[in-house]
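Peer 1: coordinates only, no sequence provided:
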């Protein structure tokens, strides 16, 4: 397929696969609020009570253009990109516009709550992507004990109270409550060692900028139809550092080589596209920056021990 035709296919498919906040309201409630496009951004909070039991429906696999934080009561599976998490009893989950996900209920859903908000809601109030729950390698599903559930549930109750109030600064409070949920989850993760808690060294800062630049190329969508930075030298040129300095910094901060990290991220996106897109192998190879389909086949088989087609059909 020629480049122009492939770009059209990519754009059309990704537009179908990204659920907007308006489409979410239509799918879930069959109505759309009037204040979706306020300058302060959009926030809302809901109970799952009307959609439990026999009325519970699995959430379809797609990307969304908004953030969502959910407490679910009941077992299920959550699919994030190429990963799957099984929830045995109850969980706190996070989703963001960069990573597609799907909910599959294994048992009767007995209840829950969730809030949604868009990027504009936190505009000029900090970068949510600095937190591990919204980073590509971060944990996004947190199984809750009964005691933890009792601690985190009141945060959502306070959200309901603020949404129903006429306090002029209520959205500031709601942002604080969102951050409280994020920090509640972060505290559930194992503590990092002292060296990680200290101020980032020069090597760590360079490594962090490299990781951010790498991640900007994903996911493959209408804005990122083909990745262009594929080698350590490509990234070094963008960061205005010598490639050897970049390699040393990344190795020191991550204990992996620059090429290894790039390959792992390309491989992750390849798995997502093979499992969840209608593209053929050559189209996926093109989108991931491979000049020849055979190069992509060899790359994928080297890391997965399966050809792309066999992986797709497993």
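Peer 2: Perfect, thanks for sending it. Computed from a predicted model, the values in this text were never measured in an experiment.

Peer 1: ranges for the helices of the stretch 101-250 of the chain?
Peer 2: With helices called from DSSP state H, counting those that start in this stretch, the stretch 101-250 of the chain shows them at 146-163, 170-188, 194-197, 202-215, 232-239, 243-254.

Peer 1: contacts for the fourth one next, please.
Peer 2: Judged by CB atoms under 8 Å, 6 or more residues apart in numbering, the contacts made with helix 202-215 from elsewhere in the structure are 98, 136, 200, 229, 235, 238-239, 241, 245-246, 248-250, 252-254, 258, 261-262, 265. For glycine as for every other residue, the C-beta is placed from the backbone atoms N, C-alpha and C.

Peer 1: buried residues in that helix?
Peer 2: By 16 or more other CB atoms under 10 Å, the buried positions in helix 202-215 come out as 203, 204, 206, 207, 208, 209, 210, 211, 214.

Peer 1: farthest pair within those residues?
Peer 2: 203 and 214 (16.3 Å; CB to CB).

Peer 1: what sits against the nearest residue to residue 138 once chain neighbours are set aside?
Peer 2: Once flanking residues are discounted, residue 138 sits nearest to residue 132: 3.5 Å by CB to CB, 6 or more residues apart in numbering. By CB under 8 Å, 6+ apart, the contact list for residue 132 reads 138, 139, 186, 189.

Peer 1: what does residue 285 give?
Peer 2: 292, 293, 295, 296, 297.

Peer 1: dump the contacts of residue 132 into a markdown table; add neighbour count as well.
Peer 2: Below are the contacts of residue 132 laid out as a markdown table (neighbours: other CB atoms under 10 Å):
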| residue | neighbour count |
| --- | --- |
| 138 | 15 |
| 139 | 15 |
| 186 | 14 |
| 189 | 12 |
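
Peer 1: quick check, nearest of the residues you listed to residue 102?
Peer 2: Nearest to residue 102 among those is residue 139, at 17.4 Å by CB to CB.

Peer 1: wait, doesn't that closest one sit right on residue 189?
Peer 2: Yes. Taking CB atoms under 8 Å as the definition, residue 139 is a contact partner of residue 189 at 6.3 Å.

Peer 1: out of the buried residues of helix 202-215, which comes closest to residue 74?
Peer 2: Closest to residue 74, out of all of these and judged by CB to CB, is residue 211, at 35.4 Å.

Peer 1: show the pLDDT at the closest one.
Peer 2: pLDDT recorded at residue 211 is 87.

Peer 1: from residue 128, how far out is it?
Peer 2: From residue 211 across to residue 128, the span is 16 Å (CB to CB, to the nearest Å).

Peer 1: check residue 76 too.
Peer 2: The gap separating residue 76 from residue 128 is 24 Å, by CB to CB.

Peer 1: now residue 121. Nearest residue, chain neighbours left out?
Peer 2: Using CB to CB, 6+ apart, the closest residue to residue 121 is residue 41 (3.1 Å).

Peer 1: quick one: that neighbour and residue 119 touch, right?
Peer 2: Yes. Assessed by CB under 8 Å, residue 41 is found in contact with residue 119 at 7.2 Å.

Peer 1: the more surrounded of the two?
Peer 2: Higher neighbour count among residue 41 and residue 119: residue 41, with 19 against 15, using other CB atoms under 10 Å.

Peer 1: report the contact partners of the more buried one.
Peer 2: Counted by CB under 8 Å, 6+ apart, residue 41 has contacts 117, 118, 119, 120, 121, 122, 123.

Peer 1: now the first one: how far from residue 80?
Peer 2: Read it as residue 117. Distance from residue 117 to residue 80, counting by CB to CB: 19 Å.

Peer 1: quick one, which of those two is more surrounded?
Peer 2: Neighbour totals were compared for residue 117 and residue 80, and residue 117 leads with 22 against 19 (other CB under 10 Å).

Peer 1: for the residue nearest to the more buried one when sequence neighbours are not counted, what are its contacts?
Peer 2: Spatially, and ignoring its direct neighbours in sequence, residue 117 is nearest to residue 43 (4.4 Å; CB to CB, 6+ apart). For residue 43, the contact set (CB under 8 Å, 6+ apart) comprises 115, 116, 117, 121, 163, 171, 174, 178.

Peer 1: so residue 114 bridges to which residues?
Peer 2: In this structure, residue 114 bridges to residue 46, residue 70 when assessed by DSSP bridges.

Peer 1: could you give the number of residues near it?
Peer 2: For residue 114, the number of neighbouring residues by other CB under 10 Å comes to 17.
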